[in-house]
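Undergrad: based on what follows, work out the 3D shape:
(one chain, ligands or ions: 1)
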Amino acid sequence: MTIETTNTAVLVLEDGSRFTGQAWGATGRVLGEAVFATGMSGYQETLTDPSYAGQIVVMTAPHIGNTGMNDEDPESNRIWVSGFVVREPSRVVSNFRAERTLDDDLVAHGIIGIRGVDTRAITRRLRDVGAMRAGIFSGEEAALDPAEQLAAVTSSESMAGQNLSALVSTRETYVLPAEGEQLGRLAVLDLGVKASTLHYLTARGFEVHVMPQDSTLDDILAIDPVAVFYSNGPGDPAAADDQVEVLQGVLRAGLPFFGICFGNQLLGRALGFGTYKLPFGHRGINQPVLDQQTGRVEITSHNHGFAVDAPIGETVESPAGFGRVEVSHFGLNDRVVEGLQALDIPAFSVQYHPEAASGPHDSNYLFDRFRDLVASRVHRTASDDDQKDNQ
Ligand SMILES: NC(=O)CC[C@H](N)C(=O)O
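TA: Numbers count the residues shown, from 1 in each chain. The predicted structure is shown next:
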């Protein structure tokens, strides 16, 4: 594929800074929240992660597209980033698994990108000022008056307060069969779930029922689940009141619960803590996190712009009356809450991604922890039933 070099594009940030490069992928105008992601690999998983809906992603790795795109690695069936910003797209694809080029897929999915910009300068700007509303303008849009471009950016919606779950969630429940030893039905609330997560859950023996984001407590209880899981997802956790209320019902019903990322933020809220917006978020695949239970440091994958506001290093009473809670994991770069463990009810969650593809895999053990938590209860209930039968 030949690369057009004369087609100007501009990235405009809400603080007025402008970065001029070349159009890449689809052309036109796209607005969103500009964030940077530091992963050196895994751009295909980044692009297809529903948690990136509404965001213009700046890749700090300077060379993107080397391994092309395939049909095996996507985290969902489409590209979700609103816009894509890279220093230099690979001119050739070199991987035996590649089926298409990245350029082809950006065009096919209508994703507006920009290339040939100084991604280090953009990242430093986002780090200093914080994640900002932004726009990419290419094609005819590139020729607009800069003041008009900036006005479009500053009149766009900020990520704070946005509820984007309906945009990414399944509309109908679907079921994935369990592999290996069968543990029972797991209700997965799809707030933007990734394929890798579903894979790890079915591989742990769960028959996974992926349910729409507006499922009620009754909908969940109707499938008679052995446990409930809340997925990752885009948007501001402070705007997800309905899902928080449903989760409080799940916890009151005594069902085991595991949440990842958005799911961690919603467990935090259900337990009565607040959430807040981080200045520029964590997005990358080498973030160090301490597991307070074991004292081990895990290298983890992150993609979050919000975090739970809970005290680190002490056991506290859940402000919503669910017993004692501890922050189980925190980030070693900035002491942000990265995991919650309830001590009196069977519920825990992590802010980072144990399902991370293309890795790292340090925290895969969390899926085992969830399986073991559920298995101990399923087996206990089964032996209670046996005792009753024998009486
Ligand atoms: N990956 C996620 O689940 C992200 C959660 C939330 N939208 C955030 O940005 O913090």
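Undergrad: Ala320 contacts Glu245, doesn't it?
TA: No. Ala320 is beyond contact range of Glu245, at 10.9 Å (criterion: CB atoms under 8 Å). Bear in mind the C-beta positions are built from the backbone N, C-alpha and C, glycine included.
Undergrad: who in the chain is up against the ligand?
TA: Ser51, Asn232, Gly233, Pro234, Gly235, Cys261, Phe262, Asn303, His304, Gly305, Phe306 (CB under 6 Å from any ligand atom).
Undergrad: shaky segments in the protein?
TA: Scanning the chain for pLDDT under 70 picks out 1-6, 382-391.
Undergrad: confirm Asp128 sits in a helix?
TA: Yes. Remark: Asp128 belongs to a helix, assigned using DSSP: H, G, I helix; E, B strand; the rest coil.
Undergrad: measure it to Ala253 for me?
TA: According to CB to CB, to the nearest Å, Asp128 and Ala253 sit 46 Å apart.
Undergrad: counting neighbours, go ahead and name the busier of the two.
TA: Using other CB atoms under 10 Å as the criterion, Asp128 and Ala253 rank with Ala253 on top: 13 against 10.
Undergrad: any idea how far Leu340 is from that one?
TA: Counting by CB to CB - Ala253 and Leu340 are separated by 19 Å.
Undergrad: likewise for Ala151?
TA: Ala151 is 41 Å from Leu340, by CB to CB.
Undergrad: the two: which is more packed in?
TA: Ranked by neighbour count (other CB under 10 Å), Ala151 and Leu340 place Leu340 first, with 26 against 13.
Undergrad: for the more buried one, helix, strand, or coil?
TA: Per three-state DSSP, Leu340 ends up strand.
Undergrad: wait, it sits on Leu271?
TA: Yes. In this structure, Leu340 is within contact of Leu271 by CB under 8 Å, at 7.0 Å.
Undergrad: which neighbours do these two share?
TA: Common contacts of Leu340 and Leu271 (CB atoms under 8 Å, 6 or more residues apart in numbering): Val325.
Undergrad: mind listing the helices for the stretch 151-300 of the chain?
TA: Along the stretch 151-300 of the chain, the segments classed as helices by DSSP state H, counting those that start in this stretch run 165-168, 195-203, 217-222, 241-252, 262-270.
Undergrad: let me have those in a markdown table, adding distance to Gln287 as columns.
TA: Below are those laid out as a markdown table (distance: least, CB to CB, whole Å):
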| stretch | distance to Gln287 |
| --- | --- |
| helix 165-168 | 23 |
| helix 195-203 | 17 |
| helix 217-222 | 32 |
| helix 241-252 | 25 |
| helix 262-270 | 14 |
